[in-house]
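# fold the following for me, if possible:
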Amino acid sequence: MKKAIIVGSGIAGIASAIRLQNKGYNVQVLEKNSYPGGKLTQFSRDGFRFDAGPSLFTMPNLVTELFEISGKKSTDYFNFDQLRVLCNYFYEDGTRISADSDVNVFADEIGRKTTDSAEKVKNHLKKSKFIYEATEEQFLNKSLHKLDSFLTLSTAASIFKFPFLNIFSSMNQVNQKKFTDSKTVRLFNRYATYNGSNPYKAPGILNIIPHLEFGLGAYLPKGGMHEITNSLVKLAKEIGVDFHFNQEVTAIETGNNLVKSVTTESGNYSADVVVCNADIHTVYEKLIPSAKKLKEVDKQERSSSALIFYWGIDKEFPELDVHNIMFTEDYKTEFDHIFDSKTIYEDPTIYINITSKHIKEDAPKGKENWFVMINVPSVYGQDWDSMIAEARQNILSKISRILGKDIEKLILFEEQLTPQLIQDKTYSFKGSLYGTSSNSRFAAFFRHKNFSSQYKNLYFCGGSVHPGGGIPLALSSAKIIEKLIK
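Okay, the predicted model is just below:
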C-alpha cells in the first residue's frame with residue numbers, strides 16, 4: 001500500500017487524509033500541536049465554551065460528503081442547525097438591521113430602515129447567485145493550473161460570462177453603483193473580510209459571497225464549530241488514518257524531482273505522496289528551502305489578521321444573536337489603516353459571535369460567551385502591546401455606547417488571540433488568516449496552485465492556496481487534490 005503523509009491537521013489536512021485513505025493510501029498526519037484542527041479549535045473556562053477560530057459555517061455538504069465517501073452516515077457523527085437570522089447589524093445612529101435568511105424578509109428590512117429599496121437588495125442577491133453559478137465548477141472544484149481543467153463545456157460557458165462577473169471594478173464600486181445608502185453599502189462590503197480582503201481594492205466578483213449565506217444558508221454545528229474537527233478526526237481514525245501529534249515537521253527531503261520523506265524532531269517518515277496543509281510561505285521557507293521558490297508568493301499582499309477577545313459576560317442581551325456586527329462610520333478609513341498604515345483604526349468595526357444564543361450549554365444560565373473580533377493588519381513589527389491595549393478600550397467604548405451598558409463591568413474573565421499567536425500556533429505567515437488577500441483584480445485566481453511543478457508527488461491544501469481561505473474553500477482544496485493524485 002502506498003504511503004501518504006499529511007503535514008498539518010487543519011480542516012483541509014484532515015479532509016485530505018480522509019480522501020486519500022479512501023483512495024487506497026496508508027495515511028499518516030503529522031501535527032506540531034497537541035491537538036488537531038489548526039485554527040478550528042475550542043477551549044473552555046469557568047463553565048463557558050468558546051470556538052477559538054472560524055465561527056461561520058456554510059456549505060455543510062462539503063463536510064457531510066466526507067462521511068458519504070467513507071461509507072458512513074453523516075448524522076451518526078455530525079449534525080447542525082440552519083440559522084434563521086444570519087446576522088444583526090448595528091449602526092451608530094441607532095439603526096439596527098436583522099438579516100433574516102428569508103431574502104424577502106431581509107430585503108423588506110433594508111427597504112424600511114435605509115434609503116435603498118427591497119428590489120435593489122433582491123437584484124443584488126440574484127447577481128450574487130449568478131456569479132456563484134458561473135464560477136462554481138471551474139473555480140471551486142478544479143485546479144486553475146491544469147490545462148485539462150479548461151477543456152470543458154462548463155469552462156467555455158464561464159468564459160462567456162466573464163464580462164458580467166465584475167472583475168474590472170472593485171467590490172465597493174459595484175456596491176456603490178447599486179445602493180445609495182452607506183449602511184447598505186457597508187453591509188455588503190463587509191463580505192470582503194470573509195477572505196481577509198479590502199472591499200475598496202478587491203474585485204467585485206467577491207460579491208459572490210453573500211449567496212453562500214442567503215442562497216445556500218448559514219449553519220451552526222450542534223456542539224459548536226469545533227465539532228467539525230472532532231467528527232472528521234473520529235471518522236479519519238475509524239477508516240485507518242494515523243495521527244501523530246507533537247510532531248513538528250522540520251524538513252521535507254527531496255531527490256530526483258520527488259519528495260522522498262518527511263522529517264520531524266523525533267523521526268523520519270517515508271512517503272509516496274506528501275500533502276502540505278501549512279501556509280505556503282512556511283513550506284518554502286522552512287521545509288523545502290532548496291526548492292525553486294515562486295517569487296509571486298511573496299509579492300502578493302497578505303490578508304488581514306484578527307484580534308479576538310473571549311469574554312465571559314455576566315448578562316444576557318436579547319438584542320444580540322449568534323452573529324452580530326457593529327459598524328464603523330468610516331469603513332474606508334478603517335481599511336486604509338489595516339492595509340496601508342498597518343495599524344488599527346480608532347473606531348473599528350466589531351464582530352460579536354455568541355454561540356450560547358443557540359447552544360445553551362456554552363454559557364452558565366443568565367450569562368453569554370462573547371467572541372469579540374476586529375480585523376487588524378498582519379504582523380509587520382508593530383508595537384502590538386500598545387495597539388491591543390488601545391483597541392480594547394475602543395472596542396469596549398463602542399459596544400457600551402451602542403448597547404447602552406457598561407460592558408467592562410460585566411466581563412467575568414478574558415482570553416485573547418492576537419496576530420502573533422496566530423502566527424506562532426498555526427505557522428500562518430505574518431499571522432495572516434487567509435494567506436494572501438484578494439486585493440487586486442485577479443488575485444483570487446492566482447493563488448498558489450495545489451501541486452508542485454518541481455516535485456511530482458508534492459501537493460498543497462488549505463487557506464493559503466487555491467481556491468482560498470475559510471472552511472468551504474479549504475475543504476474544496478482537499479477535493480481538488482484528490483482529483484490531481486492519480
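# max-length helix in the chain?
helix 384-403 (DSSP state H).
# keeping just the C-alphas, turn that one into CSV.
What follows is helix 384-403, C-alpha atoms only, in CSV (Å, rounded to 0.1, in the frame of the first residue of the first chain):
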residue,chain,number,x,y,z
TRP,A,384,1.3,45.3,19.4
ASP,A,385,1.1,45.7,23.2
SER,A,386,0.1,49.3,22.9
MET,A,387,-2.1,48.7,19.8
ILE,A,388,-4.0,46.0,21.5
ALA,A,389,-4.5,47.9,24.8
GLU,A,390,-5.8,50.9,22.8
ALA,A,391,-8.1,48.7,20.6
ARG,A,392,-9.5,47.0,23.7
GLN,A,393,-10.6,50.3,25.2
ASN,A,394,-12.1,51.5,21.8
ILE,A,395,-14.0,48.2,21.5
LEU,A,396,-15.4,48.4,25.0
SER,A,397,-16.4,52.0,24.5
LYS,A,398,-18.2,51.3,21.2
ILE,A,399,-20.1,48.2,22.4
SER,A,400,-21.1,50.0,25.6
ARG,A,401,-22.3,53.0,23.6
ILE,A,402,-24.4,51.0,21.2
LEU,A,403,-25.9,48.7,23.8
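# now the following helix or strand past it: buried residues?
Note on helix 384-403: by DSSP states H and E, the next helix or strand toward the C-terminus is strand 411-417. The neighbour-count check on strand 411-417 (16 or more other C-beta atoms under 10 Å) flags Leu417 as buried. From N, CA and C alone the C-beta is placed, and that goes for glycine too.
# how far away from the center of its chain is the helix or strand following strand 411-417?
Using DSSP H and E, the helix or strand that directly follows strand 411-417 along the chain is helix 419-426. Mean C-alpha position of helix 419-426 versus that of the full chain (C-alpha atoms, centre = their mean, to the nearest Å) differs by 15 Å.
# picking that back up, show residues contacting the longest helix of the chain.
Applying C-beta atoms under 8 Å, 6 or more residues apart in numbering, the external contacts of helix 384-403 come out as 90, 92, 307, 309, 317, 319, 326, 343-344, 346-348, 350, 352, 372, 374, 376, 406-408, 416, 418-420.
# from the chain's centre, how far out does that helix sit?
Mean-position distance between helix 384-403 and its chain equals 24 Å (C-alpha atoms, centre = their mean).
# from the contacts of helix 384-403, list the buried ones, please.
Buried, going by 16+ other C-beta under 10 Å: 90, 307, 309, 317, 326, 343-344, 346-348, 350, 352, 372, 374, 376, 407, 418-419, out of these.
# what's the end-to-end length of stretch 218-229?
With C-alpha to C-alpha, to the nearest Å as the measure, stretch 218-229 spans 18 Å from end to end.
# in a strand, Tyr269, correct?
Yes: assessed with DSSP: H, G, I helix; E, B strand; the rest coil, Tyr269 lies in a strand.
# run through the residues that contact it.
Counting by C-beta under 8 Å, 6+ apart, the residues that Tyr269 touches are 3, 5, 28, 30, 261-263.
# looking at the residues you listed, which are in strands?
Counting by DSSP state E, those place 3, 5, 28, 30, 261-263 in strands.
# tell me the two of the residues you listed that are most distant?
Greatest spatial distance among the ones in strands among the contacts of Tyr269 (C-beta to C-beta): Lys3 and Thr263, at 14.7 Å.
# show me where the stretch 151-300 of the chain has its strands.
Using DSSP state E, counting those that start in this stretch, the strands of the stretch 151-300 of the chain run over 218-221, 242-244, 249-255, 258-264, 267-270, 273-276.
# and Thr184, how far is that from Asp76?
Using C-beta to C-beta, to the nearest Å, we find Thr184 at a distance of 43 Å from Asp76.
# looking at the two, which has the bigger crowd around it?
Thr184 (24 against 10; other C-beta atoms under 10 Å).
# find the nearest non-adjacent residue to that one, please.
Nearest residue to Thr184 in three dimensions, chain neighbours excluded: Asp116, at 4.6 Å (C-beta to C-beta, 6 or more residues apart in numbering).
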